[in-house]
Each structure stands twice: as structure tokens, then as C-alpha cells.
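In: sequence unknown, structure follows:
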């Protein structure tokens, strides 16, 4: 067993951390957060540094698949500014990684170069709200001969749909009696009939979630994720999409946890009350110890899931476990941090309140914490 | 044992509920929160309805209620607009209670009738940039010059400081940590007083400020309780802590109840639609735990309130209450955010508003950590 992260990924970690600190000064973050504005200049810069190529093999123009490394990138960005991490995961994971794993040759040829260059953001619909059933979209496809589909339906909370080039849409295609009646479509967002409306939220501002409405959007076989042969194989594909989604949620959550923890630790070392730094009081010092335990646990769980993914092993359970743990830890670290900061924590001038607002969305991220629990229960035969 | 409110208390409960229903629809609450400005209009209406007299002796135009009346009022207001409870606190707690408990006759005559009529606002200035939980380490200095006093220093997180008429300002007048604090009734129009509102996560509209005192001149008659109360500021404050803790607890209960009123139907609807049936049993159980804890918190709070009205020693009970209510309310809000997910995270949701309000209740009025210190000391 190897518990050290590779030299390559250490370099990735240090490089992205330095970059984020340089490019995301706190006054800028405050400005973007307050205006609910995504810093588009930053995503361009991030792409040019090559980080979006880390999830795609060299055969398809990437730098060789390094999922552990890409998780570290997402984590490090989220530790400072989660909206940019969301942008990154929607490019590198739902774009590059997913299309290389599940796309057909034509989709890989056409889409992957843009994914690698950070120009093709993919937003999965029907995933961000655990209440949304898998098959949100009905089709009245005109039969197997013509193979055209017409999608109608809506999904309430689709993260970054307003910046996406493609939406991943699970739909019920029930013209035949198959065991799996779900087909997943890659729908270009500029198709007629697609309406995307951003919804304002309290956290992760800038990376907006949107209401996506589809009104008779005409599609054909070429729009199916994986092409014609993947029709009615959506259930299986969706499971793999969920795995990716849980993995990136874990990475973002771990970043938020670490960011909140380090920010609070810094304060607790400096803030003096009753004649000593408040972090020295046992009641607070032990809270930091517990948070450190939790963060270590989440780090190892995520590393295990990503390592399995890198080695083409199933990581269904591992991703669910990492997602639940990291999500819990992030919210806990943010709330503990807010309390430890006392009155200052409540002030917009300090970052900890932003960690709280960001972390408050984690329970619903991906397909929701409850769904991840259900998955684990299912794997336990319950 | 009698767990019922008196008829007067029942009437106040109904009256407050009616006021909330009539005057604070959600749109009003959202408008105040969005604008982040002090709710002057609603404060005027509260005065017109007589709410600012609930804890003032009849001699001064009030209804002579106890801490129980205060709790009823604060809880009901907090269910709709927590910040209005706070701004009302600038009258009920930091005006009425401070003056009626620690003021001399002249001060009572001068201030109480006007507070009751809504013609005056107070604010309470204790916390400083470097004196939070360690409140008695305040450094803002009052120095005697030519028979009068001059105040220099900074105060932090003072709610209502830029709109108040009187800032009850706690100052250092002698080296003794607890025995060297004097409380002055500072006219905020005085030269050298400057309050700047701060932007914060929740309780928007509270006008919470950083205050600078730059050679603010006061007379010895402005000492709370009169000149003979020099250096008695800490003891004066201690007399008010039980009441303050219980009122803040009532605010927490109000927030918890309001969040539950959104969470319970959400879980009920989800459960009803669930396939297979019983799929969300775990969520139902989480809600069951929360309502049990809120009920326990409420019982503790009203038991402590009863002790206050019976003049029994109850520092332990009020500290337990403050700690428990604030933490439980926070737990309710956090759990609701988790269970309701994206729906609660959206800006249009009521739940997120209460979620942003609630965390300050485990900080202000003595943090949960400080309450636990006190509780253990009393064992």
C-alpha cells in the first residue's frame, strides 16, 4: 500500500494551490460572490494551464488520465473558491472523463479536443435534485425506423447549465419492451426548445444552478451518449455518471472542509481572549483535533475512490462513502469555524460565512446525500 | 404544577400572532432583509400596538409583564422576522430593562415613558474589537476631566448604534477588571460618537455597527444609576443576564419552530410519494428527533423563566437554556438545509433566511462555550 501522493501529483497540488491564491484574491472573491458572477477570465487561464487535459488519455489529445490528480485540482480550487472548482469538474469530469469513457468514436473525435481545451462544459440534468426521478424526460419518438426523439420535460436545479455546451439528459425511451428503458442524451444547449433559466442561491455563487426546460427538442441517434448502440442502456451509464458525480462532490467538499479548517485555525492561533490564543483552550483545541481526524479520513476515502477509478476498478461504493463523509465534514468544519470566529464569523468581511453558505449546498450536490446512503445500503444487500 | 400561560399572557400571544400575520407577510420580511436597513416602520407599529410597554411598570405607562411576556413576544416575532425581535430588543432589553433595573428615578422618569411610546431607541455597547467572550477586559476609557468624563475607544458589533438615541456604553474607569467598569448613557448626538454599520450573514437590518468614541464628553449624571454607581457597571450587567439569555432563547425557539413548519410538510409530502413506502423513514425519524429536542428546549426555557419570576437563583438554568436553545435551533436549521437540499439553498427559500440568522444566537449574549463554563462552575 502506498499512502504518499505521487511526486507528479504533489507538483500538481502545489501548482494549483499557488495559482488559485494568486488569481483569486479575497477582495475579488467577495466581489464575484456578491454579484453572483462567474469570473470567465479565470476559467480561460485555468484551461490554458492544461488542467482540463488531466482526465483524458494521450490518444485523445489529453495528458494521460490522472483522476487522482484531477481530484486534487478540484479540491485545491474549492478550498479557496468553490464556483471555479465546479466549473473545472464540469469540464474535466462530466466533459473529458465521461465522454472518453462513454462516448462513441464520433463523439470522442469531435468533443474531446474541446474538453481538453476547457471549451466544452457538460452539465448533467436530473442529477442535482435527489427528488428528480431518473427518467424526467418523456419522448414520443416516432418508432425504431426513423430513430428520432422528441424530448419534453424539465429539471429544476442543473448546475452550470447556463455555461454548458452540452446537457446530459436521462430520458425514458419506452417504445420497446426493454429492461432498461432509459437513454442518455448529450443535448447541445443551443438546440431549439431548450430553455435555461438561472436560479439564484445563497452559496457557491457564480456557479449558478438553473432550471432546464425542454420543449419538443428534436434529437436523433447521434445525440445519444455512446451513439445508437447505447440506446436503452441509460441505467447502466447513469450509474457510472453518478459515480463520477459523487467523486467530484467529495473532492469539492474536501476542499471546502480544508479551506474552512485552515482559515479558522489561522484565526484561533491569533485571536487572544482571557490572556491566550483561543485555540489553546482545550474546548477549542479538541474541536480542531476532531476536524483534523475527519479531514484525514475524508482525504483517504477520496484517494481510495480516485485510485480505483484510475485503475479501471469499480468504485461505486468507494465514491458514495467518500461523498457522504466529505460532505458531512465540510458542513461541520464550516459551522464549527463560524462558531469559533464568534461575532467576526458573522461578518461578510470574513470568509468563514462564505464557507458556510457554500457547504450548505453539499447535502443536495450530485444526486444528494440520501441517495448515496441508499446506494451503500443496496450494496450491503439491504 | 401549572404549565399554562396566564390570561394576560395568552392575550399577548394572540395579539403578537395577529400583529405578525397582519404586518409581516413574507414579502415584507424579504424586503427588509434584502435592503438591509433598520425596520423603522415596523418599530413604529410595534409601539403603536403597545408592545414596547410589555415589561415596563404601569407607573411609566407599561403593562408590567415579566420575562415570560418578553419570551412570548420575542418568539412570535422571530417566527416571521428575527431581526425585528432584535431591534425591538433595543427598546425592551437595552432600554426598558436596563433603565428599570439599574436607572435612578430621574433616569426612569426621563426615559421609560418615551421608550414605551416608541420615541426613543437605546443600544448596548459592551463588546470591543479585542474584548468579546472576555467581556470584562474592555479598554474603552472614561476619564474624569474637570468634573465631567471623556470617553475614548472602540466598540464592536453594537446593534442599533447608528439609529439609537442613547448608547449604553460600558467603559473602563478603574484598573480592577470587574470592579472598574462604569456604564454611561451616552447621547449619540454627542460630538465624537461615530457608528458605522457592518455587513453580515444574517439578521440584516439590525444596524450592527462598529462605534468609535473620540473624546465623547459626558456628565456624571449620565452614569447609569447616577454618580454613586461609578465602577458598578459589571454588577449592573449581571442583573440583566438571566433575562437576556431567556429572551435570546425565545428567539431561537421561534426560528426553530418556523423552520420546522417548512421541514415537516416537506418530509411528509416526500414520504407520501415515496416508492417503496417507508423509503424516507430515516428522514421522518430525524424530524421526530428535532421536534423532541425543541420541545425539551422549550420546557427548559419556561422552567428557567418561572424561576426568574419566583426570584429563585437560576444562573445555571438560564445558561443551560441559552446554550441548549441556540444549539438546537441551529441544528434544526442545518438539518432542514440538508434534508430540503436545493429547494432550501435557493435564495427564494424562507429556510435559508432563518439558517443564516440562527448561528449568531450561539454567539451573541455569551457564546455556547461561555455558557458551558458557567454551567460547570455552578455544579
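Out: Great, that's in hand. Predicted, not measured: the structure shown is a model, and the values here were computed from it. Numbers count the residues shown, from 1 in each chain, chains lettered A, B, ... in the order given.

In: Based on its surroundings, how many neighbours for residue 173?
Out: In the absence of a named chain, this looks at chain A. Residue A:173: 24 surrounding residues under other CB atoms under 10 Å in any protein chain shown. (Each C-beta comes from the backbone N, C-alpha and C, glycine too.)

In: look at chain B instead
Out: Per other CB under 10 Å, the neighbour tally for residue B:173 reads 23.

In: How about residue B:373?
Out: Neighbour count for residue B:373, taken as other CB under 10 Å: 15.

In: quick one: secondary structure of it?
Out: Each residue gets one of three states, and residue B:373 gets helix by DSSP: H, G, I helix; E, B strand; the rest coil.

In: distance of it from residue A:82?
Out: Separation of residue B:373 from residue A:82 (CB to CB, to the nearest Å) stands at 35 Å.

In: residues contacting residue A:50?
Out: residue A:63 (CB atoms under 8 Å, 6 or more residues apart in numbering or on different chains).

In: cool, and residue B:315?
Out: B:241, B:242, B:374, B:378.

In: measure the first one to chain A for me?
Out: Counting by CB to the nearest CB, to the nearest Å, the separation of residue B:241 from chain A is 18 Å.

In: where does that residue fall, helix, sheet strand or coil?
Out: Secondary structure of residue B:241, per three-state DSSP, is helix.

In: Leaving out chain neighbours, which residue sits closest to the residue in chain B that chain A sits nearest to?
Out: Closest contact between chain B and chain A, by CB to the nearest CB, is at residue B:341 (3.1 Å). In space, and not counting its chain neighbours, residue B:341 is closest to residue A:364: 3.1 Å by CB to CB, 6 or more residues apart in numbering or on different chains.

In: What is the burial count for that neighbour?
Out: 27.

In: any idea of the pLDDT on it?
Out: Note on residue A:364: pLDDT of 88.

In: can you check residue A:151 too?
Out: Per-residue pLDDT puts residue A:151 at 86.

In: surely it meets residue A:213?
Out: No: in this structure residue A:151 lies outside contact range of residue A:213 using CB atoms under 8 Å: 10.5 Å.

In: Of these two, which one has the most company?
Out: residue A:151 (27 against 16).

In: How is the more buried one assigned, secondary-structure-wise?
Out: strand.

In: what does the one 3 residues further on give?
Out: Taken by three-state DSSP, the conformation at residue A:154 corresponds to strand.

In: quick one: the nearest residue to it once chain neighbours are set aside from chain B, how far?
Out: With CB to CB, 6+ apart as the criterion, residue A:154 has its nearest non-adjacent residue at 4.5 Å, and that residue is residue A:213. Noted for residue A:213: a distance of 16 Å to chain B, by CB to the nearest CB.

In: my guess is residue A:213 meets residue A:156, correct?
Out: No: here residue A:213 does not reach residue A:156: they are 10.0 Å apart, not a contact under CB under 8 Å.

In: Out of the contacts of residue B:315, give me the one that has the most neighbours.
Out: Neighbour-wise, the contacts of residue B:315 (other CB under 10 Å) top out at residue B:242, 22 neighbours.

In: Now for the residue nearest to that residue when sequence neighbours are not counted, how many residues are close by?
Out: Nearest residue to residue B:242, sequence neighbours excluded (CB to CB, 6+ apart): residue B:318, at 4.4 Å. Residues within reach of residue B:318, counting by other CB under 10 Å, total 28.

In: got it, and residue A:192?
Out: Counted with other CB under 10 Å, the neighbours of residue A:192 add up to 8.

In: can you give me the helices for the stretch 1-150 of chain B?
Out: Ranges of helices within the stretch 1-150 of chain B are B:7-23, B:26-35, B:40-48, B:67-80, B:82-91, B:98-102, B:105-116, based on DSSP state H, counting those that start in this stretch.

In: Next: the stretch 201-350 of chain B.
Out: Using DSSP H, counting those that start in this stretch, helices in the stretch 201-350 of chain B cover B:233-273, B:281-309, B:315-345, B:350-357.

In: pLDDT value on residue A:129, please?
Out: For residue A:129, the predicted pLDDT is 43.

In: In stretch A:14-23, which residues are buried?
Out: Buried residues in stretch A:14-23, counted by 16 or more other CB atoms under 10 Å in any protein chain shown: A:16, A:17, A:19, A:20, A:23.

In: Of those residues, just say which sits nearest to chain B.
Out: The closest of the buried residues of stretch A:14-23 to chain B turns out to be residue A:20 (CB to the nearest CB; 23.6 Å).

In: pLDDT weak spots in chain A?
Out: Along chain A, the model assigns pLDDT under 70 to residues A:127-147, A:174-178.

In: can you pull out the helices in it?
Out: Secondary structure of chain A by DSSP state H: the helices cover A:7-23, A:26-35, A:40-48, A:67-80, A:82-91, A:98-102, A:105-116, A:234-270, A:282-310, A:316-341, A:352-359, A:369-379.

In: Leaving out the residues flanking it, which one is nearest to residue 219?
Out: I went with chain A, as the question did not name one. residue A:149 (4.5 Å).

In: that answer is for a different chain, and I need it for chain B
Out: Counting by CB to CB, 6+ apart, the residue nearest residue B:219 is residue B:148, at 5.3 Å.

In: Kindly report the same for residue B:332.
Out: Residue B:332 sits nearest to residue B:256 (CB to CB, 6+ apart), 4.4 Å away.

In: follow-up on the earlier one: so can I have TSV of the helices of the stretch 1-150 of chain B showing mean pLDDT and mean neighbour count?
Out: TSV is the format used below for the helices of the stretch 1-150 of chain B (pLDDT from 0 to 100; neighbours: other CB atoms under 10 Å in any protein chain shown):
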stretch	mean pLDDT	mean neighbour count
helix B:7-23	97	15
helix B:26-35	96	15
helix B:40-48	98	17
helix B:67-80	98	25
helix B:82-91	98	26
helix B:98-102	98	21
helix B:105-116	98	19
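
In: Format those as a markdown table; extra columns: distance to chain A.
Out: Listed next are the helices of the stretch 1-150 of chain B as a markdown table, based on distance: least, CB to the nearest CB, whole Å:
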| stretch | distance to chain A |
| --- | --- |
| helix B:7-23 | 24 |
| helix B:26-35 | 11 |
| helix B:40-48 | 22 |
| helix B:67-80 | 17 |
| helix B:82-91 | 13 |
| helix B:98-102 | 21 |
| helix B:105-116 | 26 |
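
In: Let me know which of those is the nearest to residue A:64.
Out: With CB to CB as the measure, helix B:26-35 is the member of those nearest residue A:64 (49.2 Å).

In: Mind giving me the packing neighbours of that closest one?
Out: Contacts defined by 3 or more CB pairs under 8 Å, 6 or more residues apart in numbering or on different chains; DSSP states H and E place helix B:26-35 against helix B:82-91, helix B:350-357.

In: I am finished for the moment; much appreciated.
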